[in-house]
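Participant: generate a structure from the sequence data that follows.
(chains A, B, C and D)
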Protein chains: 2
Amino acid sequence: MTCVMRIGQLARRSGVSVRALRYYEEQRLLESARTPGGQRDYPDEALERVQLIQDLFAAGLSSRTVVELLPCVSTGVATPAMVDQLIIERDRIAARIQDLTRAKTKLGRVIENVTAANVAQD
Amino acid sequence: MTCVMRIGQLARRSGVSVRALRYYEEQRLLESARTPGGQRDYPDEALERVQLIQDLFAAGLSSRTVVELLPCVSTGVATPAMVDQLIIERDRIAARIQDLTRAKTKLGRVIENVTAANVAQD
DNA sequence: CCTAAACCTGACGTCAACGTGAGGTACGTG
DNA sequence: CACGTACCTCACGTTGACGTCAGGTTTAGG
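Facilitator: Residues are numbered from 1 along each chain as shown, chains lettered A, B, ... in the order given. The predicted structure follows:
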């Protein structure tokens, strides 16, 4: 058979594990054709999709949310409910950024404090 | 006994669960005095400390890391290793902010796309 | 003294995103 | 056709920050 891309290749190219790719399929985030022997065969576009999934995971979305939003993210077509969900998630991310920024500032001040103290000791 | 603050009060004031406070103690993040009857009694400063712990958790630090860094965060005194750790964590947070910002931008574009499509449909 | 509410210590359950074998099959190169 | 590597499907294990139930004790108030 002429395989476009098998799971090992996709894993190496995308930087995620083989297990993760099978998990994505289990969660209906990613489809695959199969060779007559039953091995997964991915089109080239799969790479892009995996990277998108990774981005959304990195943003803190759950696989359940991702599976709901992936269609409209790829196709650009969305129901009002999907749009609402998109906005909710974007706002959640924004709030999270606020939290992290605050924490970073706090840590920064602590760092200034202790380094100042150390310098004073010298 | 004259109790300063029992666990339920601290929980309500800080917004974390009673279970969480006991967990913090188990992880050595938070100490408590005990009444003769064995019930936890917290000083007023505990509230501040719990909020600090929450901030650090929210920033993605593990309890192990927090327990290592809490002393210098409260006292302002740190070994060089602790300073390194602080910097590592701050940079990790900064990187995470970058990720989230990227993801937020992506979602924002998707939202623009789909709303534009819906408007076009009208 | 009696009671209801708050508290105590175990100790097992949860959830997500995989990790990690076990045991067997497919692929492609010599 | 042999063989080494990549792949397959279960299915149980992992980690962190708690949730939750069980069974018993302490406390504050009337």
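Participant: quick check: buried residues in stretch A:67-81?
Facilitator: For stretch A:67-81, a neighbour-count test (16 or more other CB atoms under 10 Å in any protein chain shown) marks A:Val67, A:Leu69, A:Leu70, A:Cys72, A:Val73, A:Ala78 as buried. Bear in mind the C-beta positions are built from the backbone N, C-alpha and C, glycine included.
Participant: span of that stretch from start to end?
Facilitator: Length of stretch A:67-81, first residue to last, CA to CA, to the nearest Å: 14 Å.
Participant: likewise stretch A:25-37?
Facilitator: 18 Å.
Participant: what residues does it touch?
Facilitator: Here stretch A:25-37 makes contact (CB atoms under 8 Å, 6 or more residues apart in numbering or on different chains) with A:1, A:3, A:7, A:21, A:24, A:40-43, A:46, A:49-50, A:53, A:63, A:66-67, A:70.
Participant: next: stretch A:40-53.
Facilitator: A:1, A:3-7, A:10, A:13-14, A:16, A:21, A:24-25, A:29-30, A:32-35, A:66, A:70, A:73-74.
Participant: which of those residues fall within helices?
Facilitator: A:Ile7, A:Leu10, A:Arg13, A:Ser14, A:Leu21, A:Tyr24, A:Glu25, A:Val66, A:Leu70, A:Val73, A:Ser74 (DSSP state H).
Participant: name the helix or strand for the closest residue to the fourth one other than its chain neighbours, please.
Facilitator: Going back to what we said before, that points to A:Ser14. Leaving aside its chain neighbours, A:Ser14 sits nearest to A:Val50 (4.3 Å; criterion: CB to CB, 6 or more residues apart in numbering or on different chains). Using DSSP states H and E, A:Val50 sits within helix A:45-58.
Participant: so where's chain A shaky on pLDDT?
Facilitator: A:1, A:117-122 (pLDDT under 70).
Participant: output the longest helix belonging to it.
Facilitator: Using DSSP H, we find that the single longest helix of chain A is helix A:80-121.
Participant: what packs against it?
Facilitator: helix A:63-75, helix B:45-58, helix B:63-75, helix B:80-121 (3 or more CB pairs under 8 Å, 6 or more residues apart in numbering or on different chains; DSSP states H and E).
Participant: CSV for those, including distance to A:Arg92?
Facilitator: Putting these into CSV (distance: least, CB to CB, whole Å) gives the following:
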stretch, distance to A:Arg92
helix A:63-75, 10
helix B:45-58, 13
helix B:63-75, 23
helix B:80-121, 10
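Participant: A:Gly108 is nearest to which of these?
Facilitator: Among these, helix B:80-121 comes nearest to A:Gly108, with 6.1 Å by CB to CB.
Participant: and the angle from the closest one to helix A:45-58?
Facilitator: With axes from the mean of the first three to the mean of the last three CA atoms, to 10 degrees applied, the angle from helix B:80-121 to helix A:45-58 works out at 120 degrees.
Participant: now the helices and strands packed on helix A:80-121 as JSON lines including distance to DNA strand D?
Facilitator: Output for the helices and strands packed on helix A:80-121, formatted as JSON lines (distance: least, CB to the nearest atom of the strand, whole Å):
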{"stretch": "helix A:63-75", "distance to DNA strand D": "14"}
{"stretch": "helix B:45-58", "distance to DNA strand D": "5"}
{"stretch": "helix B:63-75", "distance to DNA strand D": "3"}
{"stretch": "helix B:80-121", "distance to DNA strand D": "13"}
